[in-house]
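J.: okay, here's the prediction I keep looking at, along with the sequence it came from:
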Amino acid sequence: MEILTGGFYAIDHKNENGVIETNIIHVLSVRENSTIEVEKQFYVTETMLLVDNQFDSIYKNDWLAEFFKREATEYEIDIFHHYKNQNPQLKHWAEHVTGTWIS
């Protein structure tokens, strides 16, 4: 699958309770790799997490393309836009989880 800037992709998996979690990923750009990183392509993204098809969170995150499993559906893209419009200033994933920006 070719990963395009501006594209929407998705990852589905079951959590430890057997509930399906889906990450809807909007690719913003290719991240510039530093010298300490692996030799793989990272993408700067905005990511929305659905748990059992219900909105959980939306945040900034970087992903490796190998984790993208499929293109997002039109329904998932519509949900993404709805929650992104409600949360225009997204926190980075680490800040979202810990409440503190980690650089």
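T.: Sure thing, it's come through.
J.: please name the bridge partners of the residue nearest to the spatial centre of the chain.
T.: The structure's the chain has its C-alpha centroid closest to Thr47; by CA atoms, centre = their mean the separation is 2.6 Å. Note on Thr47: beta-bridge partners by DSSP bridges are Ile25, Tyr59.
J.: separation between it and Gly6?
T.: Going from Thr47 to Gly6 by CB to CB, to the nearest Å gives 15 Å. Any C-beta I mention is one placed from the backbone N, CA and C, and that applies to glycine too.
J.: picking that back up, contact partners for the residue nearest to the centre of the chain?
T.: 23-26, 58-61, 63, 93 (CB atoms under 8 Å, 6 or more residues apart in numbering).
J.: turn these into a markdown table, columns for neighbour count, pLDDT and distance to Glu71.
T.: As requested, the contacts of Thr47 are exported to a markdown table (neighbours: other CB atoms under 10 Å; pLDDT from 0 to 100; distance: CB to CB, whole Å):
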| residue | neighbour count | pLDDT | distance to Glu71 |
| --- | --- | --- | --- |
| Asn23 | 22 | 96 | 13 |
| Ile24 | 24 | 98 | 11 |
| Ile25 | 24 | 97 | 10 |
| His26 | 21 | 97 | 12 |
| Ile58 | 23 | 91 | 19 |
| Tyr59 | 18 | 91 | 21 |
| Lys60 | 17 | 91 | 21 |
| Asn61 | 18 | 91 | 18 |
| Trp63 | 20 | 90 | 14 |
| Trp93 | 17 | 53 | 22 |
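J.: now distance to Asn17 too, for the residues you listed, in CSV please.
T.: Below are those laid out as CSV (distance: CB to CB, whole Å):
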residue, distance to Asn17
Asn23, 17
Ile24, 20
Ile25, 23
His26, 27
Ile58, 22
Tyr59, 22
Lys60, 26
Asn61, 22
Trp63, 24
Trp93, 21
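J.: which among the residues you listed gets closest to Asn85?
T.: Ile58 (10.3 Å; CB to CB).
J.: CA atoms only for the longest helix along the chain - export them in PDB, please.
T.: Longest helix in the chain, counting residues (DSSP state H): helix 74-86. Output in PDB follows, covering the C-alpha atoms of helix 74-86 (Å, rounded to 0.1, in the frame of the first residue of the first chain):
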ATOM      1  CA  GLU A  74     -15.300   7.300   4.200                       C
ATOM      2  CA  TYR A  75     -17.300   6.800   7.500                       C
ATOM      3  CA  GLU A  76     -14.100   6.800   9.500                       C
ATOM      4  CA  ILE A  77     -12.800   9.900   7.700                       C
ATOM      5  CA  ASP A  78     -16.000  11.700   8.400                       C
ATOM      6  CA  ILE A  79     -15.800  10.800  12.100                       C
ATOM      7  CA  PHE A  80     -12.200  12.000  12.100                       C
ATOM      8  CA  HIS A  81     -13.100  15.400  10.700                       C
ATOM      9  CA  HIS A  82     -16.000  15.800  13.100                       C
ATOM     10  CA  TYR A  83     -13.700  15.300  16.200                       C
ATOM     11  CA  LYS A  84     -10.800  17.100  14.700                       C
ATOM     12  CA  ASN A  85     -13.000  20.200  14.200                       C
ATOM     13  CA  GLN A  86     -14.000  20.000  17.900                       C
END
